[in-house]
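Engineer: Based on what follows, work out the 3D shape:
(2 chains)
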Amino acid sequence: KAGVTQTPRYLIKTRGQQVTLSCSPISGHRSVSWYQQTPGQGLQFLFEYFSETQRNKGNFPGRFSGRQFSNSRSEMNVSTLELGDSALYLCASRLQQGANYGYTFGSGTRLTVV
Amino acid sequence: GENVEQHPSTLSVQEGDSAVIKCTYSDSASNYFPWYKQELGKRPQLIIDIRSNVGEKKDQRIAVTLNKTAKHFSLHITETQPEDSAVYFCAASIYTDKLIFGTGTRLQVFP
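Structural biologist: Numbering: from 1, shown residues only, chains lettered A, B, ... in the order given. All right, here's what the predicted structure looks like:
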(Lines give C-alpha, C1' and ligand atoms only; values in the text may rest on other atoms or scores of the structure.)
Protein backbone atom coordinates (compact mmCIF):
# COMPACT_ATOMS: atom_id res chain seq x y z
CA LYS A 1 0.00 0.00 0.00
CA ALA A 2 1.59 3.27 -1.12
CA GLY A 3 2.09 5.93 1.53
CA VAL A 4 1.40 9.64 1.35
CA THR A 5 3.22 11.10 -1.64
CA GLN A 6 4.29 14.72 -1.81
CA THR A 7 5.77 16.47 -4.80
CA PRO A 8 8.12 18.08 -5.35
CA ARG A 9 10.55 17.13 -2.56
CA TYR A 10 12.58 20.32 -2.84
CA LEU A 11 11.77 23.74 -4.23
CA ILE A 12 13.63 27.02 -4.43
CA LYS A 13 11.62 30.15 -5.18
CA THR A 14 12.22 33.88 -5.20
CA ARG A 15 10.41 36.35 -2.97
CA GLY A 16 7.16 37.48 -4.55
CA GLN A 17 6.65 34.33 -6.59
CA GLN A 18 3.93 31.80 -5.96
CA VAL A 19 4.21 28.06 -5.47
CA THR A 20 1.94 25.02 -5.63
CA LEU A 21 2.63 21.85 -3.66
CA SER A 22 0.92 18.52 -4.26
CA CYS A 23 -0.13 15.69 -1.99
CA SER A 24 -1.55 12.27 -2.87
CA PRO A 25 -3.02 10.57 0.19
CA ILE A 26 -3.05 6.88 0.98
CA SER A 27 -5.62 5.14 -1.17
CA GLY A 28 -8.99 5.29 0.54
CA HIS A 29 -8.04 8.15 2.85
CA ARG A 30 -10.44 11.02 2.44
CA SER A 31 -9.00 13.59 4.83
CA VAL A 32 -5.87 15.57 4.00
CA SER A 33 -4.19 18.06 6.32
CA TRP A 34 -1.27 20.39 5.72
CA TYR A 35 1.33 21.48 8.27
CA GLN A 36 4.24 23.89 8.17
CA GLN A 37 7.33 22.73 10.06
CA THR A 38 10.07 25.16 11.07
CA PRO A 39 12.82 24.79 13.68
CA GLY A 40 11.44 27.61 15.80
CA GLN A 41 7.69 27.00 15.53
CA GLY A 42 7.39 23.23 15.30
CA LEU A 43 4.39 21.80 13.43
CA GLN A 44 1.86 24.49 12.66
CA PHE A 45 -1.55 23.51 11.27
CA LEU A 46 -2.48 25.12 7.95
CA PHE A 47 -5.76 23.49 6.90
CA GLU A 48 -7.65 20.22 6.56
CA TYR A 49 -9.76 19.05 3.65
CA PHE A 50 -12.37 16.34 3.65
CA SER A 51 -14.61 15.47 0.70
CA GLU A 52 -13.28 18.44 -1.25
CA THR A 53 -14.29 20.91 1.47
CA GLN A 54 -12.03 22.82 3.84
CA ARG A 55 -13.07 21.65 7.31
CA ASN A 56 -10.52 23.38 9.51
CA LYS A 57 -8.16 26.29 9.08
CA GLY A 58 -5.13 27.43 11.04
CA ASN A 59 -3.87 30.93 11.74
CA PHE A 60 -2.07 31.64 8.50
CA PRO A 61 -2.58 34.62 6.18
CA GLY A 62 -4.78 34.41 3.12
CA ARG A 63 -1.67 33.93 0.95
CA PHE A 64 -1.88 30.28 1.97
CA SER A 65 -4.68 28.40 0.28
CA GLY A 66 -5.51 24.87 -0.69
CA ARG A 67 -7.96 22.61 -2.39
CA GLN A 68 -8.89 18.97 -2.64
CA PHE A 69 -9.97 17.09 -5.70
CA SER A 70 -12.58 14.37 -6.08
CA ASN A 71 -9.87 11.68 -5.90
CA SER A 72 -8.79 13.15 -2.51
CA ARG A 73 -5.53 14.51 -3.88
CA SER A 74 -4.77 17.92 -2.47
CA GLU A 75 -2.76 20.96 -3.44
CA MET A 76 -1.68 23.93 -1.42
CA ASN A 77 -0.70 27.26 -2.88
CA VAL A 78 1.34 30.07 -1.41
CA SER A 79 1.24 33.40 -3.22
CA THR A 80 3.58 36.37 -2.89
CA LEU A 81 6.25 34.32 -1.18
CA GLU A 82 8.17 35.80 1.74
CA LEU A 83 11.52 34.72 3.20
CA GLY A 84 9.68 33.51 6.31
CA ASP A 85 7.74 30.98 4.25
CA SER A 86 10.87 28.86 3.99
CA ALA A 87 9.93 25.63 5.74
CA LEU A 88 9.16 21.96 5.40
CA TYR A 89 5.53 21.55 4.32
CA LEU A 90 4.04 18.28 5.45
CA CYS A 91 0.88 16.68 4.21
CA ALA A 92 -0.93 14.09 6.30
CA SER A 93 -3.85 11.88 5.42
CA ARG A 94 -6.32 9.89 7.47
CA LEU A 95 -9.24 7.67 6.66
CA GLN A 96 -11.86 10.06 8.01
CA GLN A 97 -12.07 13.06 10.24
CA GLY A 98 -12.49 12.16 13.84
CA ALA A 99 -10.70 11.03 16.93
CA ASN A 100 -10.49 7.39 15.89
CA TYR A 101 -8.20 8.06 12.99
CA GLY A 102 -4.50 8.87 13.21
CA TYR A 103 -2.50 10.76 10.64
CA THR A 104 0.04 9.33 8.23
CA PHE A 105 2.52 11.93 7.08
CA GLY A 106 4.26 12.32 3.77
CA SER A 107 7.96 13.09 3.51
CA GLY A 108 7.29 16.75 2.91
CA THR A 109 8.26 19.43 0.46
CA ARG A 110 11.16 21.59 1.57
CA LEU A 111 10.56 25.11 0.30
CA THR A 112 13.37 27.64 0.30
CA VAL A 113 12.54 31.26 -0.51
CA VAL A 114 15.49 33.42 -1.53
CA GLY B 1 -8.31 27.28 20.84
CA GLU B 2 -6.39 24.22 21.88
CA ASN B 3 -2.81 24.66 23.05
CA VAL B 4 -0.33 21.88 23.81
CA GLU B 5 2.79 22.42 25.90
CA GLN B 6 5.60 19.86 25.83
CA HIS B 7 8.55 19.37 28.17
CA PRO B 8 11.47 19.00 28.16
CA SER B 9 12.69 20.42 24.86
CA THR B 10 15.80 18.23 25.02
CA LEU B 11 16.48 15.02 26.90
CA SER B 12 19.70 13.04 27.12
CA VAL B 13 19.77 9.56 28.63
CA GLN B 14 22.16 6.65 28.85
CA GLU B 15 21.30 3.54 26.87
CA GLY B 16 19.12 1.29 29.00
CA ASP B 17 17.68 4.12 31.08
CA SER B 18 14.07 5.30 30.89
CA ALA B 19 12.88 8.51 29.26
CA VAL B 20 9.73 10.46 30.08
CA ILE B 21 8.24 13.28 28.03
CA LYS B 22 5.30 15.26 29.37
CA CYS B 23 2.56 17.27 27.67
CA THR B 24 -0.23 19.48 28.91
CA TYR B 25 -3.30 20.43 26.89
CA SER B 26 -5.65 23.32 27.43
CA ASP B 27 -9.04 22.18 26.16
CA SER B 28 -10.78 19.68 28.42
CA ALA B 29 -12.86 18.51 25.45
CA SER B 30 -9.77 17.00 23.77
CA ASN B 31 -10.24 13.28 23.30
CA TYR B 32 -7.38 11.99 21.15
CA PHE B 33 -3.68 12.10 22.05
CA PRO B 34 -1.13 10.68 19.60
CA TRP B 35 2.66 10.65 19.81
CA TYR B 36 4.89 10.96 16.77
CA LYS B 37 8.58 10.19 16.32
CA GLN B 38 10.58 12.10 13.73
CA GLU B 39 14.07 10.96 12.88
CA LEU B 40 16.45 13.39 11.24
CA GLY B 41 15.37 14.16 7.70
CA LYS B 42 12.37 11.85 7.86
CA ARG B 43 8.62 12.16 8.20
CA PRO B 44 6.85 12.12 11.59
CA GLN B 45 5.58 8.63 12.32
CA LEU B 46 2.82 7.66 14.71
CA ILE B 47 4.24 5.48 17.47
CA ILE B 48 1.35 5.28 19.92
CA ASP B 49 -1.93 7.01 20.66
CA ILE B 50 -4.51 7.09 23.42
CA ARG B 51 -8.11 8.13 23.63
CA SER B 52 -9.83 9.89 26.50
CA ASN B 53 -11.68 6.80 27.68
CA VAL B 54 -8.38 5.04 28.48
CA GLY B 55 -5.88 5.92 31.21
CA GLU B 56 -2.85 4.00 29.99
CA LYS B 57 -1.68 2.14 26.92
CA LYS B 58 1.46 0.08 26.35
CA ASP B 59 3.25 -1.19 23.27
CA GLN B 60 6.45 -3.09 24.08
CA ARG B 61 8.91 -0.51 25.46
CA ILE B 62 6.60 2.44 24.94
CA ALA B 63 3.71 3.51 27.16
CA VAL B 64 1.45 6.54 27.30
CA THR B 65 -0.51 7.70 30.34
CA LEU B 66 -3.38 10.19 30.42
CA ASN B 67 -4.63 12.22 33.39
CA LYS B 68 -7.81 13.94 32.22
CA THR B 69 -8.33 15.78 35.48
CA ALA B 70 -4.94 17.46 35.28
CA LYS B 71 -5.01 17.59 31.47
CA HIS B 72 -1.62 15.88 31.31
CA PHE B 73 -0.37 13.02 29.19
CA SER B 74 3.07 11.48 29.10
CA LEU B 75 5.23 9.21 26.96
CA HIS B 76 7.41 6.65 28.73
CA ILE B 77 10.19 4.80 26.94
CA THR B 78 11.92 2.05 28.89
CA GLU B 79 15.25 0.36 28.17
CA THR B 80 16.19 3.10 25.71
CA GLN B 81 18.35 2.25 22.72
CA PRO B 82 20.41 4.49 20.39
CA GLU B 83 17.78 4.04 17.67
CA ASP B 84 15.26 5.77 19.95
CA SER B 85 17.18 9.01 19.34
CA ALA B 86 14.79 11.36 17.50
CA VAL B 87 12.41 14.26 18.02
CA TYR B 88 9.16 13.25 19.68
CA PHE B 89 5.95 15.26 19.29
CA CYS B 90 2.80 14.98 21.34
CA ALA B 91 -0.53 16.18 19.95
CA ALA B 92 -4.15 16.61 20.94
CA SER B 93 -7.43 16.99 19.12
CA ILE B 94 -11.14 17.28 19.76
CA TYR B 95 -13.41 14.98 17.76
CA THR B 96 -13.22 16.12 14.13
CA ASP B 97 -11.08 19.16 14.84
CA LYS B 98 -7.47 19.68 13.81
CA LEU B 99 -4.52 17.97 15.48
CA ILE B 100 -2.47 20.44 17.53
CA PHE B 101 1.15 19.53 18.19
CA GLY B 102 3.52 20.27 21.03
CA THR B 103 6.85 21.90 20.21
CA GLY B 104 8.81 18.64 20.30
CA THR B 105 11.42 16.93 22.49
CA ARG B 106 14.81 16.02 21.11
CA LEU B 107 15.80 12.72 22.73
CA GLN B 108 19.42 11.63 22.61
CA VAL B 109 20.35 8.16 23.79
CA PHE B 110 24.05 7.71 24.44
CA PRO B 111 25.62 4.24 24.18
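Engineer: Let me see the mean pLDDT of stretch A:3-22.
Structural biologist: Mean pLDDT, computed over stretch A:3-22, is 97.
Engineer: first to last residue in that stretch, what's the distance?
Structural biologist: One end of stretch A:3-22 sits 14 Å from the other (Cα to Cα, to the nearest Å).
Engineer: Then stretch A:87-105?
Structural biologist: Start-to-end, stretch A:87-105 (Cα to Cα) is 16 Å.
Engineer: and what of stretch B:16-30?
Structural biologist: Terminal-residue distance, stretch B:16-30 (Cα to Cα): 33 Å.
Engineer: contacts for it?
Structural biologist: Here stretch B:16-30 makes contact (Cβ atoms under 8 Å, 6 or more residues apart in numbering or on different chains) with B:1-8, B:11, B:13, B:33, B:52, B:68, B:70-80, B:84, B:88, B:90, B:92-95, B:100, B:102, B:105, B:107, B:109. C-beta here means a position set from N, CA and C on the backbone, and glycine is covered the same way.
Engineer: buried set for it?
Structural biologist: B:19-25, B:27, B:30 (16 or more other Cβ atoms under 10 Å in any protein chain shown).
Engineer: mind listing what the one residue sitting closest to the centre of chain A touches?
Structural biologist: Of all residues in chain A, the one closest to the mean position by Cα atoms, centre = their mean is A:Trp34, 3.1 Å from it. Neighbouring residues of A:Trp34 by Cβ under 8 Å, 6+ apart: A:23, A:45-48, A:66, A:74, A:76, A:89-92.
Engineer: Export those to CSV and append columns for distance to chain B, neighbour count and secondary structure.
Structural biologist: Shown next, in CSV, are the contacts of A:Trp34 (distance: Cβ to the nearest Cβ, whole Å; neighbours: other Cβ atoms under 10 Å in any protein chain shown; DSSP: H, G, I helix; E, B strand; the rest coil):
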residue, distance to chain B, neighbour count, secondary structure
A:Cys23, 12, 27, strand
A:Phe45, 5, 24, strand
A:Leu46, 9, 22, strand
A:Phe47, 8, 22, strand
A:Glu48, 6, 27, strand
A:Gly66, 13, 22, strand
A:Ser74, 15, 25, strand
A:Met76, 15, 22, strand
A:Tyr89, 12, 23, strand
A:Leu90, 7, 24, strand
A:Cys91, 10, 30, strand
A:Ala92, 8, 27, strand
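Engineer: does the residue nearest to the centre of chain A count as helix, strand or coil?
Structural biologist: Recorded secondary structure, A:Trp34: strand (DSSP: H, G, I helix; E, B strand; the rest coil).
Engineer: Please apply the same query to A:Gly84.
Structural biologist: A:Gly84 ends up helix, using three-state DSSP.
Engineer: B:Gly41 too?
Structural biologist: coil.
Engineer: What parts of chain B come near chain A?
Structural biologist: B:31-32, B:34, B:36, B:42-46, B:49, B:51, B:89, B:93-104 (Cβ under 8 Å from any Cβ of the partner chain).
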